[in-house]
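S.K.: Test case, fold it:
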Amino acid sequence: MKQVRAMPVAAEAELEELRMQQALSRQVDSLLEECVRERMSLTQTFSRLLPLVLRETGAQGVAVTTRNEELLEETFHAGEFGGIYPGTLLADSLGTRREGEGTLVCQELDVVGQPVGRMGLYLVGDHTRPEQAGRLERLLDTVAEQLDTVLLLVHTASQKQELILQINHLLANPVFEVGMDQVVLALAQRVRVPGFLLVYRDALRPSVLHYRSYRNGHLEHESGEQPLPVLDAVLRAHGPELLARGDERLKRALGEPRVMEAVLIAGHLHSEPLGRILLWSGEEGFSSYTMDLMRVLASTLSQRLVDYNRERTHLSQFFSADIIDELLQSPDYGPRYLTSRDEEVGILFADINGFTRLCEQLESPARIGRFVDRWSARMVELLWRHGGVFDKMVGDCIIGLFGPPFFRMGRKERAEALVRAACDIQRTTAAMSADPEVRSICERAGMAGLGVAVGLNLSNTLCGLFGPNQDYTGFSTGMNQTARLQSLAGFRETLVMDSVKHALEGSQDPLVQSLTYGALTETPVKNVAKPLRHHRLVLPD
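M.R.: Sure thing, here's the model as predicted:
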């Protein structure tokens, strides 16, 4: 009979330990899979896991310190730790050590070099001998290997949510460009983003696209002060066509092999693209984590651009694009520049001569509307060109203010801008008479051509945003005076209050020096206490 040699005791112990580790690993793995499948919270997961670990390891206490779903540090525990709070024990050194009447075995939870917490077992008595400590540490490592991945998933999801909240907060910056720069930097600190390009529409100039280009999170190029010539050329050549999904011309202009893109779309149907985000990373490509963040950023940024464009569109009712750009560079532009302010301002009223007679020749309301739109659009451009603000239009009368919203010009400069605008309005309106359709209408109305009656004034006026629609306008007796003055003006005539003439004394402006004035006239008008003191302004030929 063949004799079977007995297995050495040490080998049997190693085999038994290995079986125990495998059994523990399977139980922990099965339980954690079930918890993930049922989308349990960390509290629910540990309430099921930790009793299992106690039972299988023979420990008196087990604890895990990690971040919870809100990224706050929390210690989950079961059993007893000799009357000491387990979180305090786990914060000390790692390994196996005596702790009171028992032994603590502590290990770091780590995934791909990223610490995600600590785990410890507490046992009664002394288990610090090398063979005992080694066995306990290996058992603990068996549980930790299964737990690491679950904790990393929770941490990754929580960190992503934290970054999303941070992006939302940064994009809420009143200065869009500043918020955007902060967002890209925050993103680059979390994931690898060597190149980032944002191209977006100009709300006021539909054919214009703006861009901001970043390298490793820092602004490198922008349309305006830090242009990228190759990008400028493509934008000038193709404009808003480049925003279409799948258009490759921007990618080709970047010259990068791996480019990821997201098209920014407003939240409502049939909306044109607001812009595009393009990322590049050389040959490496992007992780699913990065791509997911890009999709979230694109959605959040789309809404921010909608709000930004709505803000610009509202301001464009009163201010030129250059003034709007400057206003929006100040985070407190509303209270700083647009709240009511009592200052001396230049006031301009310009009314089309013989408008009632012209309307009779235009016949249909639609034609009247088109005519007024065409004329008023050109007049508002002239106001803006000379630094004015478009207050409102009353019927066919344009009202402009000079001084707001920054009030940087002195009295003489405001008067000069006021008169230059008036001269351009007179000349441009008269030049419209050369249009065959306008000339025909004027002839049928028995008029020599198209003209305006203009009244100019300098007066203290309360200017700011008023009313339910927050329109930028002014209130003063000077506004009423200017309206009355304009009504006194004849065909292609400009009347100026005496205050304007005095303000222009000593002006070095060539146009102002070429002007002449009629005699001072005092005219009583309705609802104004004192007669208007004014001059007829004679424009140079």
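
S.K.: ranges for the strands of the stretch 351-500 of the chain?
M.R.: With strands called from DSSP state E, counting those that start in this stretch, the stretch 351-500 of the chain shows them at 388-394, 397-402, 452-466, 471-475, 494-497.

S.K.: Give me the angle between the second one and strand 388-394.
M.R.: Counting by axes from the mean of the first three to the mean of the last three C-alpha atoms, to 10 degrees, strand 397-402 lies at 150 degrees to strand 388-394.

S.K.: Next, the angle strand 452-466 makes with strand 397-402.
M.R.: 60 degrees.

S.K.: Strand partners (parallel or antiparallel) of strand 397-402?
M.R.: strand 341-352 (antiparallel), strand 388-394 (antiparallel) (DSSP bridges).

S.K.: possible to save these as JSON lines with mean pLDDT?
M.R.: Output for the strands paired with strand 397-402, formatted as JSON lines (pLDDT from 0 to 100):
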{"stretch": "strand 341-352", "mean pLDDT": "95"}
{"stretch": "strand 388-394", "mean pLDDT": "93"}
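
S.K.: For Ala172, find the nearest of the strands of the stretch 351-500 of the chain.
M.R.: Taking C-beta to C-beta, strand 452-466 is the member of the strands of the stretch 351-500 of the chain nearest to Ala172, at 21.1 Å. In this view, the C-beta of every residue, glycine as well, is placed from N, C-alpha and C.

S.K.: Okay, buried residues for that closest one please.
M.R.: Judged by neighbour count using 16 or more other C-beta atoms under 10 Å, the buried positions of strand 452-466 are Val452, Ala453, Val454, Gly455, Leu456, Asn457, Leu458, Ser459, Thr461, Cys463, Gly464, Leu465.

S.K.: And stretch 20-34, by the same measure?
M.R.: So for stretch 20-34, counting by 16+ other C-beta under 10 Å, buried means Met20, Gln21, Leu24, Gln27, Val28, Leu31, Leu32.

S.K.: Now do the host helix or strand of the fourth one, average pLDDT.
M.R.: Using DSSP states H and E, the element containing Gln27 is helix 9-37. This predicted structure assigns helix 9-37 an average pLDDT of 81.

S.K.: what about that helix, distance to the chain center?
M.R.: Computed by C-alpha atoms, centre = their mean, to the nearest Å, the chain-centroid distance of helix 9-37 equals 53 Å.

S.K.: now the protein, which segments are flagged as low pLDDT?
M.R.: Residues of the chain meeting the criterion pLDDT under 70: 1-13, 112, 266-271, 282-284, 541.

S.K.: Identify the residues contacting the spatially most central residue of it.
M.R.: Nearest to the mean C-alpha position of the chain, by C-alpha atoms, centre = their mean, lies Phe176 at 3.9 Å. By C-beta atoms under 8 Å, 6 or more residues apart in numbering, Phe176 lies in contact with Arg304, Tyr308, Leu328.

S.K.: Could you do Arg312 as well?
M.R.: Listed by C-beta under 8 Å, 6+ apart, the contact set of Arg312 reads Ala203, Leu204, Ile324, Leu328.

S.K.: Who are the contact partners of Thr66?
M.R.: Going by C-beta under 8 Å, 6+ apart, the list of residues near Thr66 reads Leu42, Glu73, Glu74, Phe76, Leu109, Val116, Gly117, Arg118, Leu151, His155.

S.K.: at 6 Å instead, please
M.R.: Residues counted as contacts of Thr66 (C-beta atoms under 6 Å, 6 or more residues apart in numbering) are Val116, Gly117, Leu151.

S.K.: what's the answer for Lys412, then?
M.R.: The contact partners of Lys412, by C-beta under 6 Å, 6+ apart, come to Ala503.

S.K.: Tell me the spacing between it and Arg55.
M.R.: Relative to Arg55, Lys412 is positioned 91 Å away (C-beta to C-beta, to the nearest Å).

S.K.: again with Thr477
M.R.: Distance from Thr477 to Arg55, by C-beta to C-beta: 90 Å.

S.K.: now swap in Ala188 and tell me
M.R.: 47 Å.

S.K.: same thing with Tyr472?
M.R.: 74 Å.

S.K.: Quick check: which helices or strands does whichever helix or strand comes after the helix holding Gln27 pack against?
M.R.: Going down the chain from helix 9-37, the next helix or strand is helix 42-57, by DSSP H and E. Counting contacts by 3 or more C-beta pairs under 6 Å, 6 or more residues apart in numbering; DSSP states H and E, helix 42-57 packs against helix 9-37, strand 61-67, strand 73-79.

S.K.: and the angle for the last one with strand 61-67?
M.R.: Computed by the same axes, to 10 degrees, the angle separating strand 73-79 from strand 61-67 equals 170 degrees.

S.K.: Repeat that for the longest one.
M.R.: Counting by the same axes, to 10 degrees, helix 9-37 points 50 degrees away from the direction of strand 61-67.

S.K.: number of nearby residues for the residue lying closest to Arg427 once chain neighbours are set aside?
M.R.: Excluding the flanking residues, the one nearest Arg427 by C-beta to C-beta, 6 or more residues apart in numbering is Leu539, at 7.7 Å. Using other C-beta atoms under 10 Å as the criterion, Leu539 is surrounded by 16 other residues.

S.K.: can you give me the helices in the stretch 51-200 of the chain?
M.R.: 86-90, 130-171, 176-190 (DSSP state H, counting those that start in this stretch).

S.K.: so can I have JSON lines of those showing distance to Ser299?
M.R.: As requested, the helices of the stretch 51-200 of the chain are exported to JSON lines (distance: least, C-beta to C-beta, whole Å):
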{"stretch": "helix 86-90", "distance to Ser299": "38"}
{"stretch": "helix 130-171", "distance to Ser299": "10"}
{"stretch": "helix 176-190", "distance to Ser299": "13"}
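
S.K.: Tell me which of the ones you listed sits nearest to Arg367.
M.R.: helix 176-190 (40.1 Å).

S.K.: In CSV, list the C-alpha atoms belonging to that closest one.
M.R.: Below are the C-alpha coordinates for helix 176-190, written out as CSV (Å, rounded to 0.1, in the frame of the first residue of the first chain):
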residue,chain,number,x,y,z
PHE,A,176,-19.2,86.5,-19.4
GLU,A,177,-15.6,86.4,-20.6
VAL,A,178,-14.2,86.3,-17.0
GLY,A,179,-16.5,83.5,-16.1
MET,A,180,-15.6,81.5,-19.2
ASP,A,181,-11.8,81.9,-18.5
GLN,A,182,-12.4,80.6,-14.9
VAL,A,183,-14.4,77.6,-16.2
VAL,A,184,-11.8,76.5,-18.6
LEU,A,185,-9.1,76.8,-15.9
ALA,A,186,-11.2,74.8,-13.4
LEU,A,187,-11.7,72.1,-16.1
ALA,A,188,-8.0,71.9,-16.9
GLN,A,189,-7.2,71.4,-13.3
ARG,A,190,-9.4,68.2,-13.2
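
S.K.: Tell me how far Pro405 lies from Ala483.
M.R.: 22 Å.

S.K.: and the spatially closest residue to Pro273 that is not a sequence neighbour, how many neighbours?
M.R.: Using C-beta to C-beta, 6+ apart and skipping the chain neighbours, the partner closest in space to Pro273 is Leu243 (4.0 Å). Counted by other C-beta under 10 Å, the residues lying close to Leu243 total 21.

S.K.: And Leu243, how close does it get to Ala188?
M.R.: Counting by C-beta to C-beta, the gap from Leu243 to Ala188 is 24 Å.
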